[in-house]
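Undergrad: Generate a structure from the sequence data that follows.
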Amino acid sequence: MNDARYYSLNTYLRQTFGEKVYRLSLNGGMTCPNRDGSIGTGGCIFCSAGGSGDFAASPQQSVTGQIAQAKLLLREKTNCRKYIAYFQAYTNTYAPVGVLRALYTEALAQPDIVALSIATRCDCLPPDVLDLLAELNTIKPVWVELGLQTIHEHTLRFIRSGFSLAQYEQAVSALHARGIKVITHLILGLPGETTDDMRASVRYLAAHPVFGVKLQLLHVLEGTDLGTLYKNDPFPLFTLEEYCDLIADCLALLPPEMVIHRLTGDGPKSLLIAPLWTGNKRLVLNQMQRYLKEQNLWQGKEYTTF
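TA: Residues are numbered from 1 along each chain as shown. The predicted structure follows:
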């Protein structure tokens, strides 16, 4: 176990690629079936106008142009030499397979791009797209990020996800069968869920073939239906102390080899309504580290196979 008491993405990347690797947030210019009317029009209640890709580049630029711009910004802070092309905004497999092939191969053609990470929905992975991802995975590693958020169907309906747990399971099974790594997103603090509900979602992930997890504290953002709901009828949100306690429990339940891609999140400060303490990400991560040490907890401490 490393000093952080969990298997961080940074540790995994250094072990795999021999040095620090940075993600470049890209925009493929797609939308989402939960916005364009195929499934719904309002999107998930927590999703921002940027389609959860508020830090992604402009889709008006080519993929090559977006990568170049993102690298320039990073070079002001680091001399990083290796990058992950991260298609983040909206649903990044929601296009004809020919369009997807052109976008993905343009990114992978860059010699300093060492992996491709694609954020999408579990109901937007038809066979031809799965076959394309499997093909590209033989060239450079391909990861697929799925926003499950919760295993509880009543919450999935409340947040208007537009998919079921069964659809998520089918997608994970299809990706796993093709050797494609899956990163699952969970949101902690969704209205109506207890901490036991959240731990149940984490236990579920621990028992399935998932490469990595993003544990995301619920952010209430301006311009979202969740933001309107919160303003009209505020619901409980975690304090920093409560969240550290929950995160420690969640990490203890996860298998030690599962890569922790995120423990909190950092939405745009200009849009953040609550909780405001999340604005200082470094403070939050340091507090989590101290809490894990004080409580003598680490990833996998309570993990059991079934």
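Undergrad: from here on, contacts and neighbour counts on C-alpha atoms
TA: Will do.
Undergrad: pLDDT value on the nearest residue to Tyr230 once chain neighbours are set aside, please?
TA: Ranked by CA to CA, 6 or more residues apart in numbering and with sequence neighbours excluded, the top spatial neighbour of Tyr230 is Val220, at 7.5 Å. On the pLDDT scale, Val220 is placed at 95.
Undergrad: What are the phi and psi values at Val220?
TA: With angles defined as degrees, to the nearest 10, Val220 sits at phi -100, psi 120.
Undergrad: in stretch 122-134, what's buried?
TA: Neighbour counts over stretch 122-134 (16 or more other CA atoms under 10 Å) mark 122-125, 129-130, 133-134 as buried.
Undergrad: now swap in stretch 265-277 and tell me
TA: 265, 267, 272, 274-275.
Undergrad: can you tell me which two in these are farthest apart?
TA: Spatial extent of the buried residues of stretch 265-277 (CA to CA) is set by the pair Gly265 and Ala274 at 12.6 Å.
Undergrad: how about the residue lying closest to Thr120 once chain neighbours are set aside, secondary structure?
TA: Distances taken as CA to CA, 6+ apart place Thr91 nearest to Thr120, at 4.4 Å, with adjacent residues excluded. Secondary structure state of Thr91, per DSSP: H, G, I helix; E, B strand; the rest coil, is coil.
Undergrad: where's Thr91 relative to His185, distance?
TA: Distance, Thr91 to His185, using CA to CA, to the nearest Å: 14 Å.
Undergrad: Compare the two (neighbour count), which wins?
TA: Thr91 (25 against 21; other CA atoms under 10 Å).
Undergrad: who's in contact with that one?
TA: By CA atoms under 8 Å, 6 or more residues apart in numbering, Thr91 lies in contact with 30-32, 119-121, 124.
Undergrad: Neighbour-wise, give me the winner out of these.
TA: Going by other CA under 10 Å, Arg121 tops the contacts of Thr91 with 26 neighbours.
Undergrad: And for the closest residue to that one other than its chain neighbours, the neighbour number?
TA: Excluding the flanking residues, the one nearest Arg121 by CA to CA, 6+ apart is Leu146, at 5.7 Å. Using other CA under 10 Å, Leu146 has 23 neighbouring residues.
Undergrad: Could I get the contacting residues of Leu146?
TA: Per CA under 8 Å, 6+ apart, neighbours of Leu146: 119-122, 182-185.
Undergrad: Dump the residues you listed into TSV; add distance to Asn10, pLDDT and secondary structure as well.
TA: Output for the contacts of Leu146, formatted as TSV (distance: CA to CA, whole Å; pLDDT from 0 to 100; DSSP: H, G, I helix; E, B strand; the rest coil):
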residue	distance to Asn10	pLDDT	secondary structure
Ala119	19	96	strand
Thr120	22	97	strand
Arg121	25	97	coil
Cys122	26	97	coil
Val182	17	98	strand
Ile183	15	98	strand
Thr184	17	98	strand
His185	17	97	strand
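Undergrad: What lies in contact with stretch 60-74?
TA: With CA under 8 Å, 6+ apart, stretch 60-74 has contacts from 24-29, 57-58, 80, 85, 103, 106-107.
Undergrad: go again using 10 Å as the cut-off
TA: For stretch 60-74, the external contacting residues (CA atoms under 10 Å, 6 or more residues apart in numbering) are 22-29, 56-59, 78-87, 102-110, 113.
Undergrad: and if you look at stretch 239-246?
TA: By CA under 10 Å, 6+ apart, stretch 239-246 touches 188-189, 195-196, 198-199, 217, 237-238, 249-250, 252, 263-264, 275-278, 283-285, 287-292, 295.
Undergrad: and Glu242, which of the three is it?
TA: helix.
Undergrad: Measure how buried it is and give me the count.
TA: Neighbours of Glu242 (other CA under 10 Å): 10.
Undergrad: One more: the one 10 residues further on?
TA: The tally of other residues near Ala252 (other CA under 10 Å) stands at 21.
Undergrad: So which other helices or strands are in contact with the host helix or strand of Ile273?
TA: Per DSSP states H and E, Ile273 falls inside strand 272-274. In terms of contacts (3 or more CA pairs under 10 Å, 6 or more residues apart in numbering; DSSP states H and E), strand 272-274 is packed against strand 220-221, helix 225-232.
Undergrad: Can you give the distance of the shortest one from its chain's centre?
TA: Pointing back at strand 220-221 there. 17 Å (CA atoms, centre = their mean, to the nearest Å).
Undergrad: partners of that strand, with directions?
TA: When pairing is defined by DSSP bridges, strand 220-221 lines up against strand 272-274 (antiparallel).
Undergrad: picking up where we left off before, who touches both of Gly265 and Ala274?
TA: By CA under 10 Å, 6+ apart, the residues touching both Gly265 and Ala274 are 218-219.
Undergrad: What segments of the stretch 1-150 of the chain are helices?
TA: 9-17, 63-75, 97-108, 127-136 (DSSP state H, counting those that start in this stretch).
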